[in-house]
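J.: mind looking at a prediction? Sequence and model below.
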Amino acid sequence: MANKTCDVVVIGAGPGGYVCAIRLGQLKQKVICVEKEEVGGVCLNWGCVPSKALIAASHTYEKAKNGATMGLMADNVRVDVPKMQEWKGGIVKKLTGGIRGLFRGNNVELMMGDARVTSKNTVEVKTREGATETIEAKSIVIATGSTTIELPTFKFEGTKIIGAKEAVSLQEVPKRLLVIGGGVIGLELGCVYQKLGSELTVVEATASLLPGTDPECTAVVEKKLVKHGAKIIKNAKAAGYEKNADGSLAVRIDMGDGKFDTVVTDCVLVAVGMRPNGAGLGLEELGVKVERGFVPTDNVGRTNVPNIYAIGDVSSVPMLAHKASKEGEVVAEVIAGHKAAKDWVAIPGAIFTDPEIAAAGLTEAEAKARGIEVRVGKFPFSALGRAMAVNETEGFFKVVADKKTNELLGVHIVGPEASDLISEGALALEMHAFLEDIGLTIHPHPTLGEGFMEAAQHGLGHAIHVLNRG
């Protein structure tokens, strides 16, 4: 006999699960959301939000130190790491508390515990108090997210060998930091600690940092990292480490072709990616398809067992919080009997390095691989008065369009506030805009956003503030 009955059980209260649960509540469904750790998931507790708080703090610190350029003299600027962590913790607490409040306001029942699917209509929950409860529901939504990948040769021990979770909660800045993995998480957190004073080394297994990102954008970030003293080792793997008598770590780097190097560091951040949490939930036993931890779905989020859905990191790449949230809304509406589908044109992505990188749609290489002849427009931040005024002129806007029709196919930005500026690009792609639409839209001056207008005009051959190609 079930302890509880409801319309929908959502397993996981991260950016996918909590949004899905709230939307279901708005649509008058009786919902129970089960979470085993903390509402907000990885994103709010130790991922997106806390890392961006530390990124902002490190950026402000750097600006304060270099204020003399603008005639601002600040002496003895220093970092109080515990105070910074306290401030970051306050943000997390406010946001997770906000979700709990929204649950209450939308009649979503939150249950803290470990959930397992026991049939296509029942979920068993081991609560924090040690009890076992059974929930019977018409539909089940899997929103269990993903977990940091651990390397067998670099097992996390919390202080010297750490993952992103520990990296956002360090109580002191390591003198030397070695990051294994030159992807998004590794470079974002690497940038933070480099700005706060760490000597940074990045080891990346592939030929380039930020694999999958427009290489021209990546080059701008890499150049700045190196300019500030970072050592970037590509086409190499961290093979293991030994502890030195002074507490430091000697990390062996496999350079390929039988060659090895050693880097001495005080802390190793393992940032080689995330793995989906689809296995071990009881799904396989029910015949739900689970592939390498992913739970594949159709265009409305449904698995191969019709009343079981999956959203967010556990369902597919890209593993992005905003994609999870949008899928959560789609699934909620489908369950409630409304028409909805995963029918977006593009999912924008933002990388909070210095400078930031943001993109939506196809890269130049992806468009060409599809056999599309492209037209490319670019505009540098260095030609924008506003970028000069905020003393951040590195980077550029890049638009990729179909050469025959001028329809926009992709937008790539590297530079200040790229993460905010990309939303206009995403909207333009959703609206199937053409370069003329963007170029003819009056943008306010002086702003960073007018670079998007100029890049579109450059693609058409009539940008005003940069020379056009022949």
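T.: In hand now; what should we look at? Numbers count the residues shown, from 1 in each chain.

J.: helices and strands around the longest helix anywhere in the chain, which ones?
T.: As assigned by DSSP state H, the longest helix anywhere in the chain is helix 81-105. For helix 81-105, the elements it packs on are helix 17-26, helix 41-45, helix 48-65, strand 108-119, judged by 3 or more CB pairs under 8 Å, 6 or more residues apart in numbering; DSSP states H and E. Using the backbone N, CA and C atoms, a C-beta is placed for each residue, glycine as well.

J.: pLDDT weak spots in the stretch 201-350 of the chain?
T.: Residues of the stretch 201-350 of the chain meeting the criterion pLDDT under 70: none.

J.: can you show me the helices along this protein?
T.: Under DSSP H, the chain gives helices at 17-26, 41-45, 48-65, 81-105, 164-167, 184-195, 215-227, 321-335, 364-369, 385-389, 418-430, 435-440, 450-460.

J.: winner for burial among those helices?
T.: Per residue and on average, the most neighbours among those fall to helix 17-26, with a mean of 27 (mean count of other CB atoms under 10 Å).

J.: figure out how far it is from the centre of its chain.
T.: In terms of CA atoms, centre = their mean, to the nearest Å, the centre of helix 17-26 is found 21 Å from the chain centre.

J.: for the residue nearest to Ser51 when sequence neighbours are not counted, give me the pLDDT.
T.: Nearest residue to Ser51, sequence neighbours excluded (CB to CB, 6 or more residues apart in numbering): Val168, at 5.4 Å. The per-residue pLDDT reported for Val168 equals 96.

J.: ok, Val168 touching Val49?
T.: No: with contact defined as CB atoms under 8 Å, Val168 does not reach Val49; the gap is 9.3 Å.

J.: of all the helices of the chain, which one is nearest Asp261?
T.: Relative to Asp261, the nearest member of the helices of the chain by CB to CB is helix 215-227, separated by 17.4 Å.

J.: could you check the angle helix 184-195 makes with the closest one?
T.: Comparing the axes of helix 215-227 and helix 184-195 via axes from the mean of the first three to the mean of the last three CA atoms, to 10 degrees yields an angle of 30 degrees.

J.: so what's the residue count around the closest residue to Glu35 other than its chain neighbours?
T.: Spatial nearest neighbour of Glu35, chain neighbours left out: Ala13 (3.8 Å); criterion: CB to CB, 6+ apart. Residues contacting Ala13 under the criterion other CB atoms under 10 Å number 31.

J.: what does the one 3 residues further on give?
T.: Counted by other CB under 10 Å, the residues lying close to Gly16 total 34.

J.: shouldn't it be in contact with Glu327?
T.: Yes: taking contacts as CB under 8 Å, Gly16 lies within contact range of Glu327: 6.0 Å.

J.: give me the neighbour count for Gly71.
T.: Per other CB under 10 Å, the neighbour tally for Gly71 reads 6.

J.: state the phi and psi torsions of it.
T.: phi 80, psi 20 (degrees, to the nearest 10).

J.: confidence score at it?
T.: At Gly71, the pLDDT value in this model is 96.

J.: one more: Lys404?
T.: pLDDT at Lys404 comes out at 98.

J.: so it sits against Glu373, correct?
T.: Yes: the criterion here is CB under 8 Å, and Lys404 meets it with Glu373 at 6.8 Å.

J.: sorry, back to before: the helices of the chain into JSON lines, with extra columns for distance to Ala205?
T.: Supplementary listing: these in JSON lines, determined by distance: least, CB to CB, whole Å:
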{"stretch": "helix 17-26", "distance to Ala205": "32"}
{"stretch": "helix 41-45", "distance to Ala205": "23"}
{"stretch": "helix 48-65", "distance to Ala205": "22"}
{"stretch": "helix 81-105", "distance to Ala205": "30"}
{"stretch": "helix 164-167", "distance to Ala205": "18"}
{"stretch": "helix 184-195", "distance to Ala205": "11"}
{"stretch": "helix 215-227", "distance to Ala205": "15"}
{"stretch": "helix 321-335", "distance to Ala205": "25"}
{"stretch": "helix 364-369", "distance to Ala205": "20"}
{"stretch": "helix 385-389", "distance to Ala205": "34"}
{"stretch": "helix 418-430", "distance to Ala205": "26"}
{"stretch": "helix 435-440", "distance to Ala205": "37"}
{"stretch": "helix 450-460", "distance to Ala205": "33"}
